[in-house]
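>>> Quick one: sequence and predicted model below, then my questions.
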Amino acid sequence: MDHPLLNAFWIMLWFFLWVLWLFLLFRVVMDIFRSHEMSGWGKAGWMILVVLLPYLGVLLYLIVRGAKMGEHDAEDAERREAAVQDYIRKAAGSGDGGAAGDGGDNVDRLAKLAALKADGHLTQEEFDQAKAKLLA
């Protein structure tokens, strides 16, 4: 008997496995190129292996350098977070029309004042006076 619903299920399963395979292949290729500790010859060797024998090449790469892929992701996330924080500091510091360093110092001082107020070392009035003096 012919089961068209079962055939549709199998076609969708193979399609999703193919998409998963492409995602994994591109992920490995991206990791090869962003790896800083690998030499150019090492990158070329891995690329030749991945292109000529894709299934074996990707499987070997995951076995040999799979842990490094996670480390590369963590390093990239840290680098992006640092860049975002640096941008926020620069944008907040240059909003007053002055030099970025002066505004950055003011932002740091305001943060310290807020921390002192939160810890209970400053009253609301002292905080408001110090804030007005700092922003003047």
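Great, that's in hand. Residues are numbered from 1 along each chain as shown.

>>> Burial check on Y61, number of neighbours?
Counted by other CB atoms under 10 Å, the residues lying close to Y61 total 22. (Glycine included, C-beta is placed from N, CA and C.)

>>> Quick check: phi and psi at L53.
L53 adopts backbone torsions of phi -130, psi 80, taken as degrees, to the nearest 10.

>>> low-scoring stretches of the chain, by residue?
When the per-residue scores of the chain are filtered using pLDDT under 70, the ranges that remain are 1, 93-104.

>>> Buried residues, the helix or strand where Y87 lies. List them.
Secondary structure assigned from DSSP states H and E places Y87 in helix 54-93. Within helix 54-93, the residues that count as buried by 16 or more other CB atoms under 10 Å are 57-58, 61, 65, 69, 72, 92-93.

>>> Pull up the gap between the residue lying closest to Y61 once chain neighbours are set aside and D128, please.
Counting by CB to CB, 6 or more residues apart in numbering, Y61 lies nearest to V28, which is 5.1 Å off, once chain neighbours are set aside. V28 sits 57 Å away from D128 when distances are taken as CB to CB, to the nearest Å.
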